[in-house]
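Q: Output the structure for:
(2 chains)
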Amino acid sequence: MQNETKARVEQLTSPAGHPVAVLRFEGDIASTSKDAVIGTYLLLPKETKLVLLDFTKVDYINSSGIALVIQLLIEASNSGQKVSAFGLSAHFTKVFTMVGIPKYAGLFADQAAALAAL
Amino acid sequence: MSESKSTTAPKPTTVEVRVPSRLGFEKVVMSTAASVAKLMGFREERIEDLKTAVAEACINAIEHGNRLNEKLSVGVVLSAGADALEVKVMDDGKGMNRQPGKLDKLNKPDIDRKMRGEEVPRGLGMFLIQALVDEAEWVAGDEANSSYVRLVIRLDKDAE
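A: You can find the predicted model right below:
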């Protein structure tokens, strides 16, 4: 019943010239998404300092999925990485904000806005 | 000449759904609840709130109430009244071991504690339910009755 989570990594450069790893998610983000979310994040090179999470193609995120995002933020914080996210719907931007995520990951409307803030 | 008016409130329209205790089937209930809310005239923003709250209630029933036992099902009754939609999500298990009644305060997660590892990242479902609907009540079952959570989301006449 759940749409399988797909994740891929793309390497970009910010307007300020910094290398950025973008994790692009697709499908649902739920309890079954651990390999896609955490597994893909853990494959990033250790020297990665800036990470963007792309939720543009994600339709459904439940509380277990949000918990995986928090787990990713904990890992990133422990590695000294800065994380931002973009592409969330207005509803999920509200939900992420209610949970307190913007304190640890900036939320942006789109990739251009997220990159410009780095 | 006096005009006689009925003082009896119209009977709510009910829709019932039953889904297996398998994660993912909460989306069937989400879609049904969204369709009913749309017919009632809820704003899109409130329908999104309802979808998340209903999904989380179903996930709790599947995971904690029925303990992922696919032989058990989750029953959902949507009652569309004149100015509110009530959703009851019932499990066949022992429920969440909560006392009957409303939770008296919002069970707000602490992101700082989670980030420091002092609180598990999970445990957000009940907070989201409480935060997104107008009323949320957990009722523990007994030998004869199922446990259920009852949610109410009101039509805001000024804003709808």
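Q: Quick one: low-confidence residue ranges for chain B.
A: Low-confidence segments of chain B (pLDDT under 70): B:1-9, B:94-106, B:157-160.
Q: Strands of that one, start to end?
A: When secondary structure is read from DSSP state E, chain B shows strands at B:13-20, B:73-80, B:84-91, B:101-102, B:135-139, B:147-154.
Q: Once you drop chain neighbours, what's closest to residue A:77?
A: Leaving aside its sequence neighbours, residue A:77 sits nearest to residue B:115 (CB to CB, 6 or more residues apart in numbering or on different chains; 6.2 Å). The way it works is simple: take the backbone N, C-alpha and C, and place the C-beta from them, glycine included.
Q: Cross-check the contact I'm expecting between the one you found and residue A:104.
A: Yes: when contacts are counted by CB atoms under 8 Å, residue B:115 is listed as touching residue A:104 (6.1 Å).
Q: overlap in contacts of those two?
A: Common contacts of residue B:115 and residue A:104 (CB atoms under 8 Å, 6 or more residues apart in numbering or on different chains): A:73, A:77.
Q: Quick check: which element contains the residue nearest the centre of chain A?
A: Nearest to the mean C-alpha position of chain A, counting by CA atoms, centre = their mean, stands residue A:53 at 2.5 Å. Using DSSP states H and E, residue A:53 falls within strand A:50-61.
Q: and what of residue A:113?
A: Here residue A:113, judged by DSSP H and E, is contained in helix A:111-116.
Q: Show me what that helix is packed against.
A: In terms of contacts (3 or more CB pairs under 8 Å, 6 or more residues apart in numbering or on different chains; DSSP states H and E), helix A:111-116 is packed against strand A:50-61, strand A:82-86.
Q: Which residues are in contact with residue B:44?
A: If you count contacts by CB under 8 Å, 6+ apart, residue B:44 has none.
Q: quick one: it from residue B:52, how far?
A: 13 Å (CB to CB, to the nearest Å).
Q: Check residue B:15 too.
A: For residue B:15, the distance to residue B:52 - CB to CB - is 19 Å.
Q: between the two, who's got more neighbours?
A: Applying other CB atoms under 10 Å in any protein chain shown to residue B:15 and residue B:52 shows that residue B:52 carries more neighbours, namely 24 against 16.
Q: That one against residue B:130, yeah?
A: No: counting by CB under 8 Å, residue B:52 stays clear of residue B:130, with 11.7 Å between them.
Q: Grab the nearest non-local neighbour of residue A:62.
A: Leaving aside its sequence neighbours, residue A:62 sits nearest to residue A:30 (CB to CB, 6+ apart; 5.1 Å).
Q: ditto for residue A:51
A: Leaving aside its sequence neighbours, residue A:51 sits nearest to residue A:83 (CB to CB, 6+ apart; 4.7 Å).
Q: what about residue B:21, distance to residue B:122?
A: Residue B:21 sits 19 Å away from residue B:122, going by CB to CB.
Q: The nearest residue to residue A:37 once chain neighbours are set aside is in what secondary structure piece?
A: Closest residue to residue A:37 apart from its sequence neighbours, by CB to CB, 6+ apart: residue A:68 at 4.4 Å. Assignment of secondary structure by DSSP H and E places residue A:68 within helix A:63-78.
Q: Same question for that helix: list its buried residues.
A: A:63-76 (16 or more other CB atoms under 10 Å in any protein chain shown).
Q: And for stretch B:70-80?
A: Judged by neighbour count (16+ other CB under 10 Å), stretch B:70-80 contains these buried residues: B:72-80.
Q: Which one of those is nearest to chain A?
A: residue B:74 (13.0 Å; CB to the nearest CB).
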